[in-house]
Every structure is written in C-alpha cells, then in structure tokens.
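K.L.:
Take a look and give me a structure for this.
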Amino acid sequence: MENNRQRIVFLDWLRAAACLMVLLVHACECVYSNDYSFSIPSETARWTIGLIQGFVRPVAVPLFLMASAYLLVPVTISTGEFLRKRFVRVAVPFVVFLFLYAFLPALWGEFTWMEAWANVKQAGINFIPRESHLWFVYMLLGLYLIMPVISPWLQKVSKKEEEFFLVLWAFTLCLYLFRYFFGPVFGECWWNPYPFFYYVSGFVGYIVLGHYIKEHVNWSARKTFSICVPILFACYAFQVWRFYQRSFMVDTPAELEMHLQNDTILAGIMSACTFLLFRCIKTPGRAYGMVKSISKASYGMYLMHMLMLPAIFHLLIRCLTVPFAIIFTALLTYAASWCISCVIGKLTFGKYIVG
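P.N.:
Numbers count the residues shown, from 1 in each chain. Presented below is the predicted three-dimensional model:
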C-alpha cells in the first residue's frame, strides 16, 4: 500500500483530520480541566471551548474506529495471524509509551523519581492520570479481540439484519438519558453490570456501522451533502448550546462532557455524517503526500502528543488569548508529533515504538 492507487485516499484524509481533532480536544481540556477539577476562566473561553468541543469531541474517536472497520472487517485471515499483526502494530508501542509516560516526565521535574517508580508499577495495571488518553488503546485492543468473532456474521448477514443490529445499538446510545432520569435501567444493579442491551452496546457499534457504510451506502456526493450537512449542523448547534448551558450547572469535567461522549446518540449521528462526507473525497489532491505521511504516523502521534501538549499550552497561554492558545497548541503539537513520529518510524526498530 505504498502508492496512491493502492490506498483508500479518503481514509488518509480522515485519519489526518481526526488526529488533529483529538489534539484540539486535549488543548481545550487544558483550559477547563486540571487533575479532574473544573473551572472556565472567562466567557470567551466558554464559547471557544463549546464551539470546538461541540464537534470534535463526539466524532474524533468514532472516526478512527470506523476507518479501522472499513479496512479490517470482516477479518479474512486466521484469528491468530490477525491478532499477531494488530497486536505487534498497536500493543507493543502502547506498552512502550505506558512506561515512557510513567517515568519520562521525572526528567524535567514534573514528579519525583519515587513517584515515577510508583507510576511504573501502575503501568502494568492501568494508565496513570498523565497518560489518560491511552484509554483509547485499551478499548481498541478489545475490539481487535472481538473482530474475528463478529466477522463470520458480517460475511453472511443481510442488509436488513445488519440494520436491525444498528437500530438496537442506536437505542443503546440513548440509554444515558434513561439513566439520567431514572437511574439504573433494564437489569442494571451493583451485582449485574451487564444488563439487557449490554451485548449490543458500546464501541463495537461503530465497527458494524463502518462495515455497513462500506457495503450498503452508495450515495452520490450531492445526496451525501444534502443529507449529512444539515443533520450535522443541527446536531452541532445543539451540542454547542447544551455545552454552554451545562457549563453553568455542573461541577466536574465528567458532568460537563456527558452529552459529548462517544456513546451518545448525537455522537453516533454526527460520526456517521462526518464519515460519509469524508468518503466524498475521491482524488488525492496536491497535499496528499503530506496527508498520507500524517496518516501513517497518526498512531505514534496519538501515543506521544500528551508528552508535549500541556507544556506547549502553558507556554502559549501566557502570551495568547484562549482561542489562539488552543488552536496553536493543537497545531504545534500536531507538527512536532508528526516530525518526531516520522523520524522514529525510519529507525530499524521504529515500528515497535510508533507503530
């Protein structure tokens, strides 16, 4: 897959864009979240965060998952070979960065060496707060385990049967509203975290959605734009309004971000629309060489970006207003992560560090 004809062009553009979205999310968090406490410093910051987060937070992660589904499912090789290839590509660099985040910041005094050793011991169990963005990799590895399981079904399922699953999954994306008003629902309780709709919920729905779009949605660019743009704009407007409203009502980042999470119905709708819009990209374009390079480096960029993003933000916020600090933090981190990932990737052992 080294030349443009062999690559799926729109997926490279999508990965490059989704990677920047993730960095914008984390740059915004530098403004209002500090070790999971919550505050918004000004009205300008409130609107800036709402306007950025209202789009990028709901769709960035689902876009990566749908791109993986577009390429990988149904799995056509043996389960052992599939897992070996994916885990070497993803799990080995992940483990490297778990330990890098655990002790590397001690070099510049972010925490003591004693704390670094405690972090190293924790790294084998779960991420530490410094590397909380790596939750995504745990989830992705879990999806790799399930892909060979659902692949035989995806190979023989009819369009209507796949739609039935997606309808059930879409309903589960509404369950957070039920829980908000009624508490635990459909069999949830402290001794049963696996209720009625548990087995058709979660991020696996984005895998099936990506496969469904690939196999069954063949819209023209005109139809895609006429349907997706109005829906996307309406959902985005609601997300911004809801963020602004809730920012006066909540006390924690978790409460503030609840309606923007990936397992909500608006996130599902926005992700599907955004993915379909990216699929309208048919030709590489003049910038495609750079885009392809970013796409190839995107996993390494994701792994390493939080080593530098907070420091860049705290430097820029001293001399820039919040909107510019967020944007330039994301862009500078994006460029630095890309360059570093490309350099490491050229080393003989580079694939074991940046994938």
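K.L.:
Tell me which stretches of the stretch 251-355 of the chain form helices.
P.N.:
Using DSSP state H, counting those that start in this stretch, the helices of the stretch 251-355 of the chain run over residues 253-256, 265-278, 288-304, 309-316, 322-345, 351-354.
K.L.:
between the ones you listed, which gets nearest to Val90?
P.N.:
Proximity to Val90 (C-beta to C-beta) singles out helix 288-304 among the helices of the stretch 251-355 of the chain, at 7.1 Å. C-betas here are computed from N, CA, C, even on glycine.
K.L.:
Give the other helices and strands that the closest one contacts.
P.N.:
Here helix 288-304 touches helix 9-32, helix 79-103, helix 322-345, helix 351-354, going by 3 or more C-beta pairs under 8 Å, 6 or more residues apart in numbering; DSSP states H and E.
K.L.:
And the contacts of that helix?
P.N.:
For helix 288-304, contacts defined as C-beta atoms under 8 Å, 6 or more residues apart in numbering pick out 4, 7, 9, 11-13, 15-16, 18-19, 22, 89-90, 93-94, 97, 133-134, 136-137, 284-285, 334, 337-338, 340-342, 344-345, 353-355.
K.L.:
Check the spacing between the residue nearest the centre of the chain and Ala325 real quick.
P.N.:
For the chain, the residue nearest the mean C-alpha position is Val61 (2.0 Å; C-alpha atoms, centre = their mean). Distance, Val61 to Ala325, using C-beta to C-beta, to the nearest Å: 24 Å.
K.L.:
swap in Thr76?
P.N.:
47 Å.
K.L.:
Comparing the two, which shows the higher neighbour count?
P.N.:
Between Thr76 and Ala325, Ala325 has the larger neighbour count (other C-beta atoms under 10 Å), namely 23 against 9.
K.L.:
residues contacting the more buried one?
P.N.:
Contact partners of Ala325, counting by C-beta under 8 Å, 6+ apart, are Ala27, Val31, Phe313, Leu316, Ile317.
K.L.:
Same list, the helices of the stretch 251-355 of the chain, but as TSV with distance to Leu65 and mean pLDDT please.
P.N.:
Converted to TSV, the helices of the stretch 251-355 of the chain look like this (distance: least, C-beta to C-beta, whole Å; pLDDT from 0 to 100):
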stretch	distance to Leu65	mean pLDDT
helix 253-256	22	86
helix 265-278	9	98
helix 288-304	13	96
helix 309-316	22	95
helix 322-345	21	97
helix 351-354	20	91
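K.L.:
So the residue in the chain sticking out farthest from the centre versus Lys121, what's the distance?
P.N.:
In the chain, the greatest distance from the average C-alpha position (C-alpha atoms, centre = their mean) is reached by Met114, at 32.2 Å. Separation of Met114 from Lys121 (C-beta to C-beta) stands at 11 Å.
K.L.:
same thing with Glu188?
P.N.:
Taking C-beta to C-beta, one finds Glu188 at 33 Å from Lys121.
K.L.:
Between these two, which has more neighbouring residues?
P.N.:
Applying other C-beta under 10 Å to Glu188 and Lys121 shows that Glu188 carries more neighbours, namely 17 against 9.
K.L.:
just checking, Arg179 touches Phe186?
P.N.:
No: at 10.0 Å, Arg179 and Phe186 do not qualify as touching, with contact defined as C-beta atoms under 8 Å.
K.L.:
one step back: buried ones among the contacts of helix 288-304?
P.N.:
Taking 16 or more other C-beta atoms under 10 Å as the criterion, what is buried in the contacts of helix 288-304 is 7, 9, 11-13, 15-16, 18-19, 22, 90, 93-94, 97, 133-134, 136-137, 284, 334, 337-338, 340-342, 344-345, 353-355.
K.L.:
picking that back up, now the residue nearest to the centre of the chain, nearest residue through space, not along the chain?
P.N.:
The shortest distance from Val61 to any non-neighbouring residue, by C-beta to C-beta, 6 or more residues apart in numbering, is to Asn262 (5.1 Å).
K.L.:
for that neighbour, what are its contacts?
P.N.:
Pro58, Val61, Pro62, Phe203, Tyr206, Ser271.
K.L.:
So what's the residue count around the first one?
P.N.:
Think Pro58. With other C-beta under 10 Å as criterion, Pro58 counts 28.
K.L.:
Against Val137, how distant is it?
P.N.:
Computed with C-beta to C-beta, the distance linking Pro58 and Val137 is 20 Å.
K.L.:
what do you get for the fourth one?
P.N.:
As for Phe203, its distance to Val137 is 12 Å (criterion: C-beta to C-beta).
K.L.:
what touches both of the two?
P.N.:
Taking C-beta under 8 Å, 6+ apart as the criterion, Phe203 and Val137 do not both touch any residue.
K.L.:
ok, now which ones touch Lys282?
P.N.:
Residues near Lys282 by C-beta under 8 Å, 6+ apart: Val9, Phe10.
K.L.:
now swap in Cys30 and tell me
P.N.:
Leu309, Pro310, Phe313, His314, Ile317, Ile326, Thr329.
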